[in-house]
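Colleague: quick one, fold the following:
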Amino acid sequence: MEFFGITMYGFPDPIKSLLRNDYKEPSKPISLEERMAKGSKQTLAEMLSELDVYIGSADGYTYNSHDRLSRMRIKYVRKPVGPTDMYRYAGTDAQNCGFWTDDPAIKNSKWHLKTVFKHKHRSSI
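Modeller: As a prediction, this is how the structure comes out:
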């Protein structure tokens, strides 16, 4: 019955199996006072520009709130961590093409880039 996703232990959680063991989402947002006390590299104006009337600090994390997620999508706020920081491997073949581009083994190499040959111009004179 595991073929249908039905086991004695309940339904499997495929997203949780993709997550890295060392990755943890923050459980509550960091307040502005805590960020200033920590000595952030941002100026006060930059920190205040991230504040939103409805959700508070728009830092990219949802904190298990669907309302917060939908409001951040409207503001085009992205999560500060990339997919390779969160997941061990790509979940589907569609995600596989861009998942490994941040791999340190190919970060500074050029073997995967398209080569373009420029032809010499010959004058007819």
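
Colleague: so where do the helices sit in the chain?
Modeller: In the chain, the segments counted as helices under DSSP state H are 14-18, 32-38, 44-49, 66-74, 83-86, 93-99.

Colleague: let me have the ones you listed in TSV, extended by distance to G56, mean pLDDT and mean neighbour count.
Modeller: For every residue, glycine as well, the C-beta is placed using N, CA and C. Formatted as TSV, these follow (distance: least, Cβ to Cβ, whole Å; pLDDT from 0 to 100; neighbours: other Cβ atoms under 10 Å):
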stretch	distance to G56	mean pLDDT	mean neighbour count
helix 14-18	26	85	10
helix 32-38	9	80	11
helix 44-49	12	79	10
helix 66-74	9	86	13
helix 83-86	23	86	14
helix 93-99	31	82	11
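
Colleague: put together CSV for these, with distance to L113 on each row.
Modeller: CSV is the format used below for those (distance: least, Cβ to Cβ, whole Å):
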stretch, distance to L113
helix 14-18, 28
helix 32-38, 39
helix 44-49, 34
helix 66-74, 32
helix 83-86, 19
helix 93-99, 14
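
Colleague: which one of these lies closest to G60?
Modeller: helix 66-74 (7.0 Å; Cβ to Cβ).

Colleague: can you pull the contacts of K75?
Modeller: K75 is in contact with D52, A58, counting by Cβ atoms under 8 Å, 6 or more residues apart in numbering.

Colleague: relative to A58, how far out is it?
Modeller: 6 Å (Cβ to Cβ, to the nearest Å).

Colleague: then K16?
Modeller: Counting by Cβ to Cβ, the gap from K16 to A58 is 26 Å.

Colleague: residue nearest the middle of this protein, spatially speaking?
Modeller: Nearest to the mean C-alpha position of the chain, counting by Cα atoms, centre = their mean, stands G82 at 3.1 Å.
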